Structure formats: structure tokens, C-alpha cells
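K.L.:
sequence plus the predicted model coming up.
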Amino acid sequence: MDEARPAVAGVPSSEGTPAAHAAPDLSDLLKQSARGDQAAFARLYDATSSRVFGLAVRVVRDPAQAEEVTQEAFLEIWKTATRFDPDRGSPLSWLLTITHRKAVDRVRSAEASSRRDEKYHHQNQPVDHDSTAEAAHASLEARRVRGALASLTAVQREAVELAYFGGYTHTEVAKLLDLPVGTAKTRIRDGLIRLRDTMGVGGS
């Protein structure tokens, strides 16, 4: 059964046309979209929106929020299609990377709003531990993780992010990136080893 996905405002749907049922060349559609071809972008949207929406739902865990993330992601894809470089990864992984970033931004924004709502409550609770030191440690750890992720290759980073930030299984990561399961597992494993080494975490 086809997964429901939202429409992006201003993007015509290509469903119902013969081209909509053929396996599209996503790289070519991105190139055409970069030249301002709205019909090509509509075909790109029809071919990939269910996966984009699926990833957004996995991250934000709210269908309504995921619809908004999907629209934001495709608007970003439309505006930045000229930046796609096939030498750095597949078209689908590029789209999903943008989607993941938008979804994480949405989650962070929601968390920030929640923290603001609870600020008064927390400020008036007795402190029985060193919360300042704890917050500083968490901030340092977050910076270490971001720095370590930047040290991975593009293919390792996209696989690790989908598996550990998107919540996908190895099999699902393989399907999303159009890879054999063994290749996806290898990229995730190698990426985790590199993360461990970069962060100086001992392994067996």
C-alpha cells in the first residue's frame, strides 16, 4: 500500500502521467530541477516523497510535524539542487540528509520551546547536584560527537546518521540507500569504529 505523503505548495504532481510509473533517474531529475524545470522537480517529488516523509516521521514522531518537515525539505532541495554532487553520494542519500537535518532542527526547536515553558519550574526546584557541571559536560560531549561525525567519509556518515539518529535498522538503511544489506552494515560498522577512534573511546 502506498504511504500517504503531503504535497508541496506550488509543485505540480506528475501522477497519472506515463513518466510517473517509470523508474526515474534521480540524478538527471536533480540536474533538470537545478535548471528550474518544475516538471522534473514534480517527478522527483513523486519518486522520493514517501521516503522523505517516512524519515521525517521516524525523527519527529508526529505525522503533522513530519508533513511540515517534508515541505521544508523539498523547498530546500528545490533551492539548492545545484549543489548536488554525484561524486559525494547518491541522489537519495543527499535528499535524506537534507530531510534528516530539517527534522532534527524541528525536534531541537520543539525541545527548546519545552525548556522555555519549564524554565520557571526548574529554577524553583532545590538543587541536590552540580547541574552547572553536568550541563557543561553534556555540551562538551555534544561538540565531541559533532566533531567526530565530521571526520567520517560522506558514505559512512549518511549510514551512521540514518541508523543512530533516524532510528532505522540495517535492513532499512540498505533499502533507503539502495545498497546490499552487507554493504550498509559495513559502512555503519566502519563509521562507528572511526567515531570510537576519533573520540578516543577504548574498544575490545
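P.N.:
Arrived safely.
K.L.:
quick one: low-confidence ranges for the protein?
P.N.:
1-23, 113-146, 164-166, 200-204 (pLDDT under 70).
K.L.:
count of neighbours near residue 147?
P.N.:
Residue 147 is flanked by 11 other residues according to other Cβ atoms under 10 Å. From N, CA and C alone the C-beta is placed, and that goes for glycine too.
K.L.:
who's in contact with it?
P.N.:
Residue 147 makes contacts with residue 198, as judged by Cβ atoms under 8 Å, 6 or more residues apart in numbering.
K.L.:
which SSE is it in?
P.N.:
Using DSSP states H and E, residue 147 maps to helix 131-150.
K.L.:
please apply the same query to residue 72.
P.N.:
Applying DSSP H and E, one finds residue 72 within helix 63-80.
K.L.:
check residue 168 too.
P.N.:
Under the criterion DSSP H and E, no helix or strand holds residue 168.
K.L.:
pretty sure it contacts residue 159?
P.N.:
No: using Cβ atoms under 8 Å, residue 168 is not in contact with residue 159; the gap is 9.4 Å.
K.L.:
those two - which one has more neighbours?
P.N.:
Taking other Cβ under 10 Å, residue 168 and residue 159 do not tie; residue 159 has more neighbours (30 against 23).
K.L.:
roughly how far does that one sit from residue 108?
P.N.:
For residue 159, the distance to residue 108 equals 22 Å [Cβ to Cβ, to the nearest Å].
K.L.:
so which bits of the helix or strand following the helix holding residue 147 are buried?
P.N.:
Moving toward the C-terminus from helix 131-150, the next helix or strand (DSSP H and E) is helix 154-164. For helix 154-164, a neighbour-count test (16 or more other Cβ atoms under 10 Å) marks 155-163 as buried.
K.L.:
so who does residue 160 touch?
P.N.:
Listed by Cβ under 8 Å, 6+ apart, the contact set of residue 160 reads 149, 152, 187-188, 191-192, 195.
K.L.:
now with 10 Å?
P.N.:
The neighbours of residue 160, taking Cβ atoms under 10 Å, 6 or more residues apart in numbering as the test, are 148-149, 152, 166, 173, 187-192, 194-195.
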